[in-house]
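[1] Below are the sequence and a predicted model; questions follow.
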Amino acid sequence: MMIVELPPFERLGRHLIEGSSDCVKLVDLDGRIVYLNPGGVELLELGCTEDLIGRTWTDLWEGEHQAAARAAVARAHAGERASFEGFCRTFGGSDKWWEVVVTPITDNDGTVVQLLAVSRDITEKRQAADFRAGHQSVLEMIATGAALDVVLARLVQLVERHSHGMWCSVILLDEDGVHLRKGAAPSLPSGYNEAIEGAAIGPRAGSCGTAMYSGRTVISTDVLVDPIWEDYRALAVTYGFRACWSTPIVSAQKQVLGSFAMYYPEPRPPLDEERRLVEVAANIAGIAIEHQRALEALRRSEERNRAILRAIPDWMFILDANGVFVDYHAKDPDELLMPPEVFLGKTIWEVMPPVISNPLATAMAGALASDEPKKFEYSLESDQAQYFYEACVVRCDGNRLLSIVRDISDRKRAEMDAHIQRRDLAHLSRVATLGELSGAIAHELSQPMSAVLINAYAARRLLSQDPVDLVETRAAVEDIIANDKRAGAVIERLRTLLKKGQITFEALDLNDVATDVLELTRSDFLSRRISVTTSLAPSLPRVDGDRVQLQQVLLNLVLNACESMSASEVNERRLSVTTTADDGFVQIAISDRGVGLPDDQRAAVFEPFVTFREQGLGLGLAISRSIIVAHGGQIVAENNQERGATFSCRIPVSSAETRA
Amino acid sequence: MTLAVVDDDVDVRAALNRLLRAMGHHVRLFASAEEFAGDRRDFDCVILDIRLPGLNGLELREQMRAAGRHLPLVFITGDGDYSLGHDVPADVPTLRKPFDEDSLVAALGNAAGPFVQLKK
């Protein structure tokens, strides 16, 4: 075993102290510095040791750091080893952080005679920690949704604090991918920031514009020389920039979002530390921008959803599987059947009338079982008016149900109006042709009235004879009664014709007229279980006509066709409407698969009061013919080869159409 | 007088039959022009409806004149002055339904007057 001979302990200590790179001081019991090692001279950027000897050590510190130093000294006086971390500027003006250990030096009796204060420069460690903390706080700001410009400004300041003698800037790339937008550059002159706002990126667009354009870090060690700064050189001179490096800020999807740049007042290349720092800063800026864009997208999407909800007049209710109201949406909650606080948390059976809760429960069960939306309609009366609603129930969120309720009162009323319109239309058209039919009507009335009068004269003569022929007289009176009733029946049939209507000719598309009529009769077809096929010629020439009258003709033909099929098998109840154009005429044909026309009545069907329908005045086809004739056309009835009849109307093409 | 009534309306026919018999006339009833044309008997006057199914009253008159059968006529009509596209002949007494008893008597007298007086 080798034995090393150590120097005497004091000499060893002196070597250690003098060779230490830490700042080592001896302080007397009055607090004055009595010794400073060479490492301390260097660290404190002093000229020589003497500058510090004799000064009170704790006076070198300021504020809270001085308090910490005094506390440490006090504890050392008491015989304890004390340590603290503190900030103290060097005599050369450098900001430094120190880790200080104060140790009491005792004599053989254990009495404290001096203090040993060893300060280690921990500035870099502190800066790294400070940067980490700053980094952390920026990330926290991002996470808590701070505004992007505030986050970026904080990031810029963090980097600037960490790396002296330069200014940083974040520039954003517009979503158009071309133009520069203000990001954060709190330390750069606002004139410069404004000058580059809206500039386009490119291969020679300064450090930032070029970095965004190329997607790579761009380093200009001297902007007065670098060709990419050509267009911005004057600006750089104005504001005193000589070196600049910029790193593109890139999203996770490799999309360029902006750039992070460092500007220097003198020409220089970046240090490795500075290259690393700009990468880290660009990375954080990328997170901030992406987060902000994601939030913006979410906000826009939410705003869109809210706008959609605001625009939707429907009411929406969320119900759980037990029928409890969980949530609702209503543009105007006052319009709901009851205030939300009344129904929320309650079941449909507790708060809804059976007219709603019963079908709703069925629809809910159906929606839960099949995943298909289930619809039902209901109506409610309020304020002497009837309101109609349509509810659609669909499963959502697992076992919850969304019920969308729509006020369909307007549609229902329109359907009812259409119903009334159909009735009025038939009436109006009959009235319109009353004049044409007056001869036929007068003739029809004159027969029974003549019989009445003649019988009355006969009865008067019979009564004046002697003896009175009572049998013949009674027969005359019976005939009077019968014929009066017959006249009354005609008058009854005419009652519906006692109004006047306006007739207006205009250029009409018969397809439109047919569509209107089929629209009006749609519910009729449904109740009669008749299927309708249409074959409407495209771009049909228009005809000159009165819309209401032509509607009446088609309506009459359609209703006749329907009537003729009332006894047919359901699968035989087929109606077809065909429009064609040829030779200056437009033809519309209504074909049924009903009973057809009796052979001996084919010509007579268009005569007034000839009817093969149980209900009806027997005027419909007569009116139809007179209308079509008034339109310069023809109406023809034919039995189909196989089954049923076809009524065809031919109307000349409008003169407006032929001119065109 | 012996009168013919040509009218397609059964009630009008029956009523005229009753009235004319009560007046003391002999009456024969026909439901159509064709039915009347088939009867070759003589009549003092023919009460003829204008609007008839098949051959109408105006056509029957023309046919009779063409055949040299000159019978006194009284037209009865439910239409106005203009019937079936023709003016009612001015030289034939015409009664518009419903007509009163006096008009009928006058018309009959007018149409068949000379013959009736000759017979008396």
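    Happy to help now that I have it.

[2] what's near enough to touch residue B:46?
    Taking C-beta atoms under 8 Å, 6 or more residues apart in numbering or on different chains, we find residue B:46 in contact with B:3-4, B:6, B:36, B:71-74. C-beta: built from backbone N, CA, C; applies to glycine.

[3] Next, give phi and psi for the nearest residue to residue A:62 once chain neighbours are set aside.
    Closest residue in space to residue A:62, ignoring its immediate chain neighbours: residue A:88 at 7.5 Å, by C-beta to C-beta, 6 or more residues apart in numbering or on different chains. Phi and psi for residue A:88, reported as degrees, to the nearest 10, are phi -150, psi 130.

[4] One more: the one 5 residues further on?
    Per-residue torsions, residue A:93: phi 90, psi 10 (degrees, to the nearest 10).

[5] Quick one, grab the pLDDT at it.
    On pLDDT, residue A:93 comes in at 84.

[6] re the thing from before, isn't the residue nearest to residue A:62 up against residue A:98?
    Yes. In this structure, residue A:88 is within contact of residue A:98 by C-beta atoms under 8 Å, at 6.0 Å.

[7] between these two, which one's more packed in?
    When residue A:88 and residue A:98 are compared for neighbours, residue A:98 comes out ahead with 23 against 19, by other C-beta atoms under 10 Å in any protein chain shown.

[8] what's the helix or strand for that one?
    strand A:95-106 (DSSP states H and E).

[9] Compute the number of surrounding residues for residue 110.
    By default, I'm working from chain A. 8.

[10] Wait, chain B was what I had in mind.
    14.

[11] what about it, distance to residue B:57?
    17 Å (C-beta to C-beta, to the nearest Å).

[12] Also residue B:96?
    13 Å.

[13] Who has more neighbours out of the two?
    Using other C-beta under 10 Å, the more surrounded residue of residue B:96 and residue B:57 is residue B:57, with 27 against 18.

[14] List the contacts of the more buried one.
    Going by C-beta under 8 Å, 6+ apart, the list of residues near residue B:57 reads B:6, B:33, B:48-51, B:75, B:77.

[15] Kindly recompute the last result at 10 Å.
    B:6-7, B:33, B:36, B:46-51, B:73, B:75-77, B:83-84, B:88, B:92, B:94 (C-beta atoms under 10 Å, 6 or more residues apart in numbering or on different chains).

[16] how about the nearest residue to it, chain neighbours excluded?
    Here the residue nearest residue B:57, using C-beta to C-beta, 6+ apart, is residue B:50, at 3.9 Å.

[17] what sits against residue 98?
    In the absence of a named chain, chain A is used. A:22-23, A:43, A:61, A:65, A:69, A:84-88, A:117-123, A:126.

[18] nope, chain B please
    Per C-beta under 10 Å, 6+ apart, neighbours of residue B:98: A:445-454, A:456, A:487, B:12, B:76, B:78.

[19] which one of these sits closest to residue A:642?
    residue A:447 (40.7 Å; C-beta to C-beta).

[20] Can I take it that that closest one is in a helix?
    Yes. Assessed by DSSP: H, G, I helix; E, B strand; the rest coil, residue A:447 belongs to a helix.

[21] Around the closest residue to it other than its chain neighbours, count how many other residues there are.
    Distances taken as C-beta to C-beta, 6+ apart place residue B:9 nearest to residue A:447, at 4.6 Å, with adjacent residues excluded. Neighbour count for residue B:9, taken as other C-beta under 10 Å: 21.

[22] Ok, residue A:70 next?
    Neighbours of residue A:70 (other C-beta under 10 Å): 15.

[23] hang on, it packs against residue A:62?
    No. Between residue A:70 and residue A:62 there is no contact under C-beta atoms under 10 Å: 11.8 Å.

[24] any idea how far residue B:75 is from residue A:483?
    Residue B:75 is 21 Å from residue A:483, by C-beta to C-beta.

[25] Oh, that last question was meant for residue A:316, not what I typed.
    69 Å.

[26] Looking at those two, which one has more neighbours?
    For residue A:316 versus residue A:483, the count of surrounding residues by other C-beta under 10 Å is larger for residue A:483: 24 against 15.

[27] State the distance from the more buried one to residue B:13.
    Applying C-beta to C-beta to residue A:483 and residue B:13 gives a distance of 12 Å.

[28] ok, now residue A:113?
    Applying C-beta to C-beta, the value for residue A:113 to residue B:13 is 163 Å.

[29] tell me the SS of residue A:234?
    Residue A:234 - assigned by three-state DSSP - is helix.

[30] Oh, that last question was meant for residue A:182, not what I typed.
    Applying three-state DSSP: residue A:182 is strand.

[31] how about the nearest residue to it, chain neighbours excluded?
    The spatially closest residue to residue A:182, leaving aside those adjacent along the chain, is residue A:197, at 5.5 Å (C-beta to C-beta, 6+ apart).

[32] tell me, how many neighbours does the residue nearest to residue B:57 end up with?
    Neighbour tally, residue B:50, other C-beta under 10 Å: 23.

[33] Would you state the predicted confidence (pLDDT) at it?
    Value for residue B:50, per-residue pLDDT: 87.

[34] Also residue A:603?
    Per the predicted model, pLDDT is 66 at residue A:603.

[35] cool, residue B:68 as well?
    So residue B:68 comes in at 89 (pLDDT).
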